[in-house]
Structure formats: C-alpha cells, structure tokens
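Q: I would like the atomic coordinates for the input below:
(chains A and B)
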Amino acid sequence: MILSTSLNSSTYSFIDKLKAIDYFLIIIVAIIGSVSVFAIYSTESGNFSFYTKNHLNRFLVFFSMFLVLSFVRVSTWYKQAYIFYILGILLLLLVIFFGISASGSKRWINLFIMNLQPSEPMKIAIIVCFARYYHRIQNSDIQSYKYLLQPIILLLVPCYLVITQPDLGTAILIAGSGLAIIWLAGLNLKYFIYSGLILLVSLPFVISILKPYQKSRILTFFNPDRDPLGAGYQIIQSKIAIGSGGLLGKGFLQGTQSYLEFLPEKHTDFIFTLFSEEFGFVGSMLLILLYALLIYRIIWIGFSSRSFFAKLYCFGFASALFLYIFVNIAMVVGLLPIVGAPLPIMSYGGSSMLSIMLGLSIVMSCKIYSRDPIGN
Amino acid sequence: MIKKTGDLNKNKIISRRLFVLIAAKIGLLGVVTSRLYNLQISQKQKYQVLSDKNRIREWKTPPQRGIITDYFNNIIADNKRVYQVHLSLEEVSNFNNSIFKLKNIISLKEDEIKKIYEKKEKSKPWDTLVISENLSWKEFSKLNLYLHELEGAKPVLSTSRYYPYSNDLAHVVGYVGDATTADIQYRKKIEENFVPGLKVGKIGIENSKDTDLIGNHGTKRYEVNASGKKISEISYNKETQGENLRTTIDLEIQQLAQELLKNQAGSICVMDIYTGEVIAMASSPTFDPNKFTHGISTKDWNEIKNNKLRPLLNKSLAGLYSPGSTIKPLVALAALEYGIIDTKFKVNCKGHDHPYELYGERYHCWKKNGHGWMSMRNAIKQSCDIYFYEVARLLGVDKLSLIAKRYGLGSKVLEDFFSEEKKGIIPSTKWKKQVLEQSWYLGETVITGIGQGYIQTTPLQLCLMTAQLANGGYKIKPNLIYDKEIDLDIIKSKIESEKNRSVSQNILKDHEFEYYERLHRNPNNLKLVLDAMYGSTNEQFGTSFRSRHKEDKYKFAGKTGTSQVKRITDQDRELDLDLEEIEYKSRDHALFIAFAPYDKPRYSLSVLIEHGGSGSKAAAPLAKKLIKKILDRHEVREKIRKDLKNIA
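A: Numbers count the residues shown, from 1 in each chain, chains lettered A, B, ... in the order given. Now for the predicted structure:
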C-alpha cells in the first residue's frame, strides 16, 4: 500500500526526475539542432549573420524551453488538454482579425517578442486534445456515431481556419496528425476506407474551390516544365540541386544552387535541398536516420509509458513528426506538390521550432512521469 | 475489472495499430530513399549538367584581326589602341539616366544615341554595351574623373583597325565594319566567332581574307548567380589573333601611283611578268578607309557616294573600258600567229579624205593626214588605225577573240579574290548570237581591231595581257597575297623548258592552258610585236616617244591607247577641238600599257586616265615616272624575295 501510494501519489524526488530524463532524446534533438544551425549558416554563404543568429537563438531558447517544460507533469497536460485546444482555436481566430499578412496569406499574429503562426502550436494541440479525448473512451464506444462525430468536428474546425488563411500544407498536417490518433485509438478500418473513397469522389469538387495558386502548384507538380520560370521553378531548381549533389555532395558551403540563389525558400521549406546538395545521398540518409532515431525514441517512450494518454500522445506525436518530415522531403524531391511544410527543427521559423519543442517536452514529460496515473 | 480488460484491450489495439503505422512509415521512407537514390545516384550526371548550366555563363571576347603588310613588311592594316566606354547593363539601374550623364561627359550625337538605344533593344540584360568606340584622350580622362557618378560605365582600352596609309590602299586593303545579320548568317567563320562589336571585312583584302584575318574569339566562363550577376571567373580560353598577311604590294610604288593619279579619275596597275605579283593597284579618286571602322558619318558617306568620279569603285578591276589602241599588239600577234600577215604586209593610210571603206561605211584613222604605207612594225609604233582595220578584217573576230582571251582578257584576273572584279567583254560571233541574239557584222570586226566597239576590259586585264606578252608568251598566275609556292626560279626554269617544247598547229585552237605553259606558236611573232612596242616608245614618230627614258637601264616599251567614249561624228572631225573645249564626260579615256626594262623585261604596267584625252599625252608620262621608281626598287624587292625564300 505504502509502495503503491508512493507510486501513485506522484511524488518524485529531483534525483528521480533527473534519472528519468531521456538523455538519448535530448542528444538526438541537440544533434539535429546543431546540424540545422550549420545548414542555415550555409544558406547565408558562410556568413554568421541575420538568419543564422536568429536560428541559433531560437534553437537555444526553445531547446531550453523543451528542457524546462519537460518537468510539467503529464497529468497537467492531460487536465489542460482542452484548454490548450481552445487556446489554439482562439489564436487562430485572432489571426482572422489581427493577423499579419505576407505574400497573399494571413497566418501570423504579432506577440511583440515574435510573430507567432498559431497553426503551428495547433498541430500539437490537436494531438494532446485527441489523446485526452480517446483516453477515457471505451474501445466499444469508439465506433458509435457520437464518438465518431465529435472528433471530426474537433478536427474540422482548426483545419477550416487554417485552410482559409490560406495554408493548405499546415491544414493537411493537422488533419493528418488528428487522423493518425483516431487510427491509433482503434476506429474501425472501414471508416477510413469509406472516407478515403468519399475524398476521392469529391476531389474534383475540392480542386474547383482551390485558390488559383494552389491549383497551379498541383498542376505544376504533375508537370514542372509547364512553367519552368514560374510555378515550376522551385521544384525544378530543387531537383537540380539535390541531383547534382550526387553521392557525397558538393561539400559544406559549396552548394552552388543555393549559394548562387537559384534555390528559393532555402532557409525554410527547402533547407533539406540545400543540405542534400552539400552533403549528397550519404548526408541525406544520415539526416533521415537521425530523424528516424528521434521517432523511434518517441515511440519507445510511448511504449514504456503506462497511461493510455501518454501512449496515444507519443505515438500520435511520432506519427505527426514523421508526417511533417515525409511531406517536406517528398515535396522537395518532387514526389508531392509544393504545399508549404517546414522540416522540423531544420527549417528556419520560430513557430515551427516552438511547436516541435513543445511537443517534445510533452514526450519527455511522459517519460519523466511515466508512472503517473492519469484521469482517475 | 471491466475497465482493466478494457485497458488491456485498448493497449493491444494501439500496439497493433501502431505496428501498421510503423510499417507504413517504413514503406514511405523507402519511397523517399529510392527517390533520393534516383536523383542523386542514377541521374546525377543529368542534374550535374543542369546545375552547371545554371551557374556557368560564357562571355565571348573579341579576337584581334591579323596584321596586313606590304611585300616589305610595312604595316598597311594595323590594330590601334583605342579608348572606349562600355556600359554593363546589369549594373545600370536607370538606363536613360546613365546615357544622359554620359552625354554630358563625352560628346554623343543624337544619331549615335539613337543607335545606342537600338543596340540596347537587341541585347540581353547581362550584356555589355559599347557606348563609344573611339574616345579622344581628353574625353577618356574626363570619363575617368567622373567615373564614380556613372554606374555600370567602364573605361576600356581596346584595339581597333587602323590604316596608316589611309587613302593610298583603300581599294586594295578595303575596310572593316560591324558584321551585318547577313554576314553572320552566311559566313561560317563570322558566325562561329561572333562577338558583339566584332568588325568584319567589307571590301578588299579585309573582305576576301576575312576568314584568315578574323582569328578566334576567346571564352571567359564565369560563375553567375540566379540574377545573372558574375560571381567569379572560372576559366579564360584566350582569344587568338588572326593570321598576319603579307601582300605583294610595294607600298612606295603604290603611293607614287596613287600620287600620280591625284585629281584625276583612273587606275594604275603594276605586275611582275613572271611571278604575277601585283605590285601596285591604284584607283582614283580614293577615300579614307579609317572612316568606316567606327561607322561612317552621314556627311562623309554622302560626300563619297555623291562624288561623280566614283571613289568607291576599284577602277583597276571593276572599271570597264574599251582598250583602244592598246589592243593593237595583240591583234598583230594574232594575225602573225595564224599566218594571216607577215612583216612585209602593207596597208596604205591616206588620211581623212580617203578613209577605209567597207560596205559603204567609212572608218577613219586618228591621223588627219594619214600615215602612208604602213607595215606591221610601223603600224604599231605609230598606232595606225587603217592598218588594223584591214588586219582585223582579214583575221576575223573569232580568231582575235581567242587570242585575246588567251592573253588574259575577258576573264577575272584575280579569280574570285575580289567579289567586285569584272570579267569584261571579248566579243565574238558566238558571243553576239548568245547575248544580243544578233548576227555579227564585219564592220564590228573592223573596229574591234582598234579596241573599240563591244570590247570591254579592265586596267588589270591590260596589265596581265602586257605581262604575258612581255614574258615571251607564257601564262602566269596573278596574285596579291604573298605565296611561297610561287617561286621565281622554278617559274623561270618551267618557262625555259616550255620554250624548247615543239608545238603543233593545234596550239592555235581554243583550249585551256596550265600556268607557265607556252601560249604562242612561234616565239618570233612575239619578238616582232615587242620590238614594235619598243619602237613606239623609243623611236621618232612613236606615239609615246616623248615619254621615253633615255638612260638604258630605264628603257621601256609601251603602247598608247585612246578609247572613245562616244562615236566620233564627221562634225567632231571637222571641229577637231582641243581637250579643254570638250565636255568632261565626252572626253576620251587615255590608256597606256608598258613593260620594262626593255632588254630584260620584268614588270608590266597599265595606266588609265578616265576622260584624260589621248594616251600619249595623259597616260604615258605617268608611266615614265612610275617605271623609274619600279626599276629603282627592283634590287630591294629581289633581296626580300631571296630572304623570304630562305626563311621558307
């Protein structure tokens, strides 16, 4: 009883907590973070200036935040999950009224210290929210219409708000992360098949309501040479950069495509292109391996967690992370249309860095407080 | 307990579902990996090339033209250092503004500015525009002073074509100018080496030998960024200068010839009678080819174009004239060769009261009182027309035409070297049928005998004809560019062996001759004709007696000619006006052909003065001065010939 109380009463000594920290995860994140700083440094042709400084500062700040927030109890995340979600929705609504517009879309709000892109933390909020949602539901109840409809609404609201910004890429990532959790929670396969079929049938309609630039991106995806200097330019130049990198790459700071400014968006969405041009196939595979280890570790933490919430969250976050990485790389190698999705940690951008670090801190919290019973 | 089993159940499901997700992830990872493999390993070459195409841009650098010299290595077409200002378009933010600023510093005329805007339309955003090709030193230093205010402007030290003896060789050397679209399209060498601002030969040697003179452009390869800005030079394949050319021209003789023609329209040609080297080829009036290098101004162009004496026409080879009496030695030779006449054959020239008559038409001699009984030697010496009317009638135009063509008339002397060279006309019965679709009249034969009528020759053809008579009747190869294959000693030995070759009567039939092949049947016939020409210059009553050299070493033989521009009427004959009283355009052309020195002939020449009156008064005196110069230069020329042979 005493033992059980001591386990359940959730009293952790500081030493316990330090011991429970997953140093493997921290090291992997630190390595990817360092690589990212060098990559951004290379986008500035080896000058330690604006982007590199900013990126380094952000990484250091948000990495520290990750470490600090790791000590927030996982039960707290559980309790505040809906608040987190509602906060995310509110921020998205704020964008509509007070948002900052840039190149035709309204995605950011000014928080004085930084311009926040609320759709980024929404990616995490949806996972936390769904993890909590499914934590309590009995497996048999999941298939009922009530429990089917509720999460769909929870998912559609942020997706709609993000699409109208417009930001198709992030909306797809939010939807993908949500669907991954719904899948993990055990929703019957047939629903996925049905919705997949419905999506396929409604595709022509969806395409017809897309913005012209979104349509052009999709058409360009199928044939980049349609408009090599316009819509197809990015993907053509990106493929040239990656392809010319070859087996071992052109070497650090030697990527001519990015150095000579042929590569657009090189510090954000196309950072993988630059990396791949300079470090080649081998470098790319090593970077992908780092990400795979990160995902593996998150899944491992999920396995070693006792609570269903923690499992669901870790598996969900790991899947979401995989989705971000896959969409970004598939996009720059020309396997998917250019939709605007950053590469986690590597890409320049505060909001993305913030949400990834936030997501990781919850994972770490799951590890540190793995014995916390939740929701009883 | 229910909850517990529920939890267990849930854990089982989530594990199974996770397994499916992981499998999917591994699958997708495989897709990405194979894509990367495909791009970076399988298609590396393709993307490497595309990447280089992106980053490397080539700039062509203009080649320098080869230098042209005369036979003695005097430079007659040079590359001069010039000061230019170029504008690098990629560095210019406001083109109009830049031009306005430049206009205030260097003098730019309105039409020049218009041309700059036209050029700008055609160039690419990273091109460099030549704003001014030839700045004065003053302008250039001023430009350097204000350079900081002129974005994109570059002071450039360049070279451009320069002709140090401007007017003296305008027609021979020609001039250069900007390549036209047609030049680029139809001339491979220009197309291959085209660089904006490249100068190409327009006329003369500059044009004929353009392929050799242009050289090869260089290539500078730069790494550029996406907006085309040069980042660094990768490689520089240096341009090569065009071949240097040595001509056969003797600058001093050419200059004298040009000087002699001053203020008159005409031509002087000088040729080596063995090697066929064109030693001088002057045409007057002339012009300054330097004016064309940077684009001639409208004023200068109009001045040249509107000059009635046609300075642009190279009269030596594109001017057509009736040969007049200069044809007579050839007529005599033809008649001797065919055995129509012998030296004893005589005709009586009885003056204007008793002209030569044929089918009711009357043909006069130039000499009012007549020459009396004329033999061949005297007829050539005194240039009796009546004698040649009769000889021509007996000979027939077709035999005359055959011999005339054999000695160089009626075809291009320098073949295709000059595009403007004319063939002239050597009429025959067949020619008239084909071209004019009319039958030949005997009367036409008669006047052809004194070089009038349809017959048309260029001064250079007359010079070649004289050369091939003077060398004893052997075909030579005229040339203007020094050719080491043409060797005097070899030619002389060839001629020597030809001399002793026995020839049949067939030689008088129409056929092609090899170079240095014997053109005549009987060497004595040539001797007779040349001797008669000697008489014409060196004996009393000879038509060019007053222009003779008394000193033995300068002695030459010649034949005057006066070519009618219009038919002489009886009224004209009555009036017998002095030259000054006749309208310029109606005056006769004065001609003279000669070879020298007489005892050992080596050089031939022809002089033509348009509307100069009589050959003996206008043309022969020029030949006298020129021959002295030519013979004085003989030793030096032969020394150079030996030197060149030794080098080879």
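
Q: Residue numbers of the stretch 201-350 of chain B in contact with chain A?
A: B:223-227, B:231 (CB under 8 Å from any CB of the partner chain). (Glycine included, C-beta is placed from N, CA and C.)

Q: From the residues you listed, keep the buried residues only.
A: B:223-224, B:226 (16 or more other CB atoms under 10 Å in any protein chain shown).

Q: what's near enough to touch B:I279?
A: Taking CB atoms under 8 Å, 6 or more residues apart in numbering or on different chains, we find B:I279 in contact with B:71, B:248-250, B:253-254, B:270-272, B:603, B:630, B:637.

Q: if you set the cut-off to 7 Å instead, what comes out?
A: With contacts defined as CB atoms under 7 Å, 6 or more residues apart in numbering or on different chains, B:I279 is in contact with B:248-250, B:253, B:270-272, B:603.

Q: Could you find the closest non-adjacent residue to it?
A: B:V270 (4.2 Å; CB to CB, 6 or more residues apart in numbering or on different chains).

Q: check which helix or strand covers the one you found.
A: Using DSSP states H and E, B:V270 sits within strand B:266-272.

Q: The next helix or strand after that strand pairs with which strands?
A: Downstream of strand B:266-272, the next assigned helix or strand under DSSP H and E is strand B:278-284. Sheet partners assigned to strand B:278-284 using DSSP bridges are listed as strand B:266-272 (antiparallel).

Q: What are the contacting residues of the strand it pairs with?
A: Here strand B:266-272 makes contact (CB under 7 Å, 6+ apart) with B:253, B:257, B:260-261, B:277-284, B:315-316, B:319, B:459-460, B:463-464, B:467, B:478, B:602-610, B:612, B:622, B:626, B:630.

Q: re the thing from before, tell me which of the contacts of B:I279 is nearest to chain A?
A: B:I249 (54.1 Å; CB to the nearest CB).

Q: what about that closest one, neighbour count?
A: Using other CB atoms under 10 Å in any protein chain shown, B:I249 has 30 other residues around it.

Q: picking up where we left off before, what about the strand holding B:V270, average pLDDT?
A: Mean pLDDT, strand B:266-272: 96.

Q: neighbours around the residue nearest to B:K617 when sequence neighbours are not counted, how many?
A: Ranked by CB to CB, 6+ apart and with sequence neighbours excluded, the top spatial neighbour of B:K617 is B:A590, at 7.1 Å. Applying other CB under 10 Å, we find 28 residues neighbouring B:A590.

Q: And B:A590, which helix or strand is it part of?
A: Following DSSP H and E, one finds B:A590 within strand B:589-596.

Q: near chain A, which residues of the stretch 451-600 of chain B?
A: Proximity of the stretch 451-600 of chain B to chain A (CB under 7 Å from any CB of the partner chain) involves no residue at all.

Q: what are the ranges of the helices in the stretch 451-600 of chain B?
A: For the stretch 451-600 of chain B, the helices defined by DSSP state H, counting those that start in this stretch cover B:459-470, B:488-499, B:523-538, B:570-575.

Q: Equivalent analysis for the stretch 201-350 of chain B, please.
A: B:204-208, B:210-214, B:251-260, B:290-293, B:298-306, B:315-318, B:328-337.

Q: pull the CA atoms of the third one into PDB?
A: Which is helix B:251-260. Provided in PDB are the C-alpha atoms of helix B:251-260 (Å, rounded to 0.1, in the frame of the first residue of the first chain):
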ATOM      1  CA  LEU B 251      54.000  50.500-100.700                       C
ATOM      2  CA  GLU B 252      56.300  53.000-102.200                       C
ATOM      3  CA  ILE B 253      55.200  52.200-105.800                       C
ATOM      4  CA  GLN B 254      51.600  52.100-104.700                       C
ATOM      5  CA  GLN B 255      51.900  55.500-103.100                       C
ATOM      6  CA  LEU B 256      53.600  57.000-106.100                       C
ATOM      7  CA  ALA B 257      50.900  55.500-108.400                       C
ATOM      8  CA  GLN B 258      48.200  57.000-106.200                       C
ATOM      9  CA  GLU B 259      50.000  60.300-106.200                       C
ATOM     10  CA  LEU B 260      50.300  60.300-110.000                       C
END
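
Q: which other helices and strands contact it?
A: strand B:266-272, strand B:278-284, helix B:620-632 (3 or more CB pairs under 7 Å, 6 or more residues apart in numbering or on different chains; DSSP states H and E).

Q: If we use 10 Å, what do you get?
A: Applying 3 or more CB pairs under 10 Å, 6 or more residues apart in numbering or on different chains; DSSP states H and E, one finds that helix B:251-260 contacts strand B:75-88, helix B:170-173, strand B:266-272, strand B:278-284, strand B:603-609, helix B:620-632.

Q: could you check the angle strand B:75-88 makes with that helix?
A: Here helix B:251-260 points in a direction 90 degrees away from that of strand B:75-88 (axes from the mean of the first three to the mean of the last three CA atoms, to 10 degrees).

Q: quick one: low-confidence parts of the chain?
A: Looking at chain A here, since you left the chain open. A:1-10, A:221-231, A:375-376 (pLDDT under 70).

Q: let's do chain B instead
A: Using pLDDT under 70, chain B drops low at B:1-8, B:227-228.

Q: Report the closest residue of it relative to chain A.
A: B:Y47 (2.6 Å).

Q: just the buried ones among the residues of the stretch 201-350 of chain B next to chain A now: which is nearest B:L143?
A: When these are compared for distance to B:L143 (CB to CB), B:V224 wins out at 27.1 Å.

Q: can I assume the closest one is in contact with B:W126?
A: Yes: using CB atoms under 10 Å, B:V224 is in contact with B:W126, at 7.6 Å.

Q: so what sits against both of these two?
A: Counting by CB atoms under 10 Å, 6 or more residues apart in numbering or on different chains, the common neighbours of B:V224 and B:W126 are B:57, B:59, B:90, B:230.

Q: OK, contacts around the residue nearest to B:K617?
A: B:264, B:266, B:324, B:560-563, B:579, B:607-620, B:622.

Q: what does A:V333 give?
A: Neighbouring residues of A:V333 by CB under 10 Å, 6+ apart: A:235, A:238-239, A:242-243, A:272-273, A:276, A:284, B:31-32, B:35-36, B:38-40.

Q: any idea whether A:S370 is helix, strand or coil?
A: Under DSSP: H, G, I helix; E, B strand; the rest coil, A:S370 falls in the coil class.

Q: Looking only at residue counts, what's the top helix in the chain?
A: Because you didn't say which chain, this covers chain A. helix A:271-304 (DSSP state H).

Q: not quite, I wanted chain B
A: Chain B, longest helix under DSSP H: helix B:2-37.

Q: That one and chain A, are they touching?
A: Yes: interface with chain A: helix B:2-37 contributes B:2-3, B:5-7, B:9-18, B:20-22, B:24-26, B:28-29, B:31-33, B:35-37 (CB under 10 Å from any CB of the partner chain).

Q: Which elements pack onto that helix?
A: Using 3+ CB pairs under 10 Å, 6+ apart, helix B:2-37 sits against helix A:119-136, helix A:139-142, helix A:168-185, helix A:233-245, helix A:271-304, helix A:308-332.

Q: Send me the first one as CSV with only the CA atoms.
A: Yep, that's helix A:119-136 we're talking about. What follows is helix A:119-136, C-alpha atoms only, in CSV (Å, rounded to 0.1, in the frame of the first residue of the first chain):
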residue,chain,number,x,y,z
SER,A,119,-1.4,27.0,-36.8
GLU,A,120,1.9,25.5,-35.7
PRO,A,121,1.0,25.1,-31.9
MET,A,122,-2.3,23.9,-33.2
LYS,A,123,-0.5,20.9,-34.6
ILE,A,124,0.4,19.9,-31.1
ALA,A,125,-2.8,21.0,-29.5
ILE,A,126,-4.8,18.6,-31.7
ILE,A,127,-2.7,15.7,-30.7
VAL,A,128,-2.9,16.5,-26.9
CYS,A,129,-6.7,17.1,-27.3
PHE,A,130,-7.3,13.8,-29.1
ALA,A,131,-5.1,11.9,-26.7
ARG,A,132,-7.2,13.1,-23.9
TYR,A,133,-10.4,12.5,-25.8
TYR,A,134,-9.7,8.9,-26.5
HIS,A,135,-8.1,8.2,-23.2
ARG,A,136,-11.4,7.7,-21.5
